[in-house]
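Visitor: Below is the sequence, then the predicted model.
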Amino acid sequence: MADTTSILHVSPVIPVVTIDDPQHAVPVARALADGGVRIIELTLRTESALTSLKLIADEVPDISVGAGTILTPGQADAAVAAGAGFLVSPGVTPGLLAHMLALGIPVLPGVATVGEVMMVLEHGLNAMKFFPAGPAGGPKYLAAIGAPIPQVQFCPTGGVSLDSAPDYLALPNVSCVGGSWLTPKAAMENNDWEQITKLAREAAGLGRN
Ligand code: 3PG
């Protein structure tokens, strides 16, 4: 099985990026990398997402690009074909998890309950996305899960910000957080890559436990 833990250690923040216009794909990736963030979770929420993913995979080799919002085995296959280096799902089912794990690249499945954490552990994986982190209970909830299940490392995502990230990153069972705040829609539409680099630099400077 591919090592998912390595994905969690690239940056204190994994930017969750949604790209409408594939022309933005390479500049966004370069802007993030210039700010010191060398990883992207590119969501499959737009029609052209796979085109953007392929552009980044082909043209920005110093950034690790994965596909997010994987809901079906077919999306996982398409993402791998487009060059995804890892796969992220917002939630998890046994069938989707088994399919993703068989593809041989790191997989970060989303969990929000103790039962889901245990199900993913049964598949041999101890790195997970905690989603939606804020509404599901925030840092206190993760700290509580860490008592009976200290062997799992989480990437909390969903409602996390530059201000709230430190409370998560201070926990022993959190390796990084995820969030969409590094790539505001307005900055992308205005080709304001400098702002994205600035937001990336702030995020890359966050301390971890
Ligand atoms: C995700 O898919 O991980 C979330 O949409 C990101 O959540 P955020 O927009 O609250 O950061």
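Guide: It's in.
Visitor: In the protein, mark out all the helices, start to finish.
Guide: 5-8, 25-34, 49-59, 73-82, 94-101, 114-122, 133-136, 138-146, 165-169, 185-189, 193-204 (DSSP state H).
Visitor: The fourth one near the ligand anywhere?
Guide: No: using C-beta under 6 Å from any ligand atom, helix 73-82 never reaches the ligand; the gap is at least 13.7 Å. All C-beta atoms are positioned from the backbone trio N, CA, C, and that covers glycine.
Visitor: I'd like the distance from the closest residue in space to S89 that isn't next to it in sequence to D3, if you could.
Guide: Nearest residue to S89, sequence neighbours excluded (C-beta to C-beta, 6 or more residues apart in numbering): I70, at 4.4 Å. Look at I70 and D3: by C-beta to C-beta, to the nearest Å, they are 18 Å apart.
Visitor: Looking at these two, which one has more neighbours?
Guide: Here I70 and D3 are compared on neighbour count by other C-beta atoms under 10 Å; more neighbours surround I70, at 28 against 9.
Visitor: Now the phi/psi pair for that one, please.
Guide: The phi/psi pair for I70 (degrees, to the nearest 10) reads phi -80, psi 120.
Visitor: my guess is it contacts F86, does it?
Guide: No: in this structure, I70 is not within contact of F86 by C-beta atoms under 8 Å, at 10.2 Å.
Visitor: residues contacting G205?
Guide: G205 sits next to G36 when contact means C-beta atoms under 8 Å, 6 or more residues apart in numbering.
Visitor: Kindly report the same for the one 3 residues further on.
Guide: For R208, the residues meeting the contact criterion (C-beta under 8 Å, 6+ apart) are P12, L169, V174, S175, C176.
Visitor: Which members of the residues you listed are the farthest-apart pair?
Guide: P12 and V174 (9.7 Å; C-beta to C-beta).
Visitor: Tally up the residues packed near E189, please.
Guide: E189: 11 neighbours (other C-beta under 10 Å).
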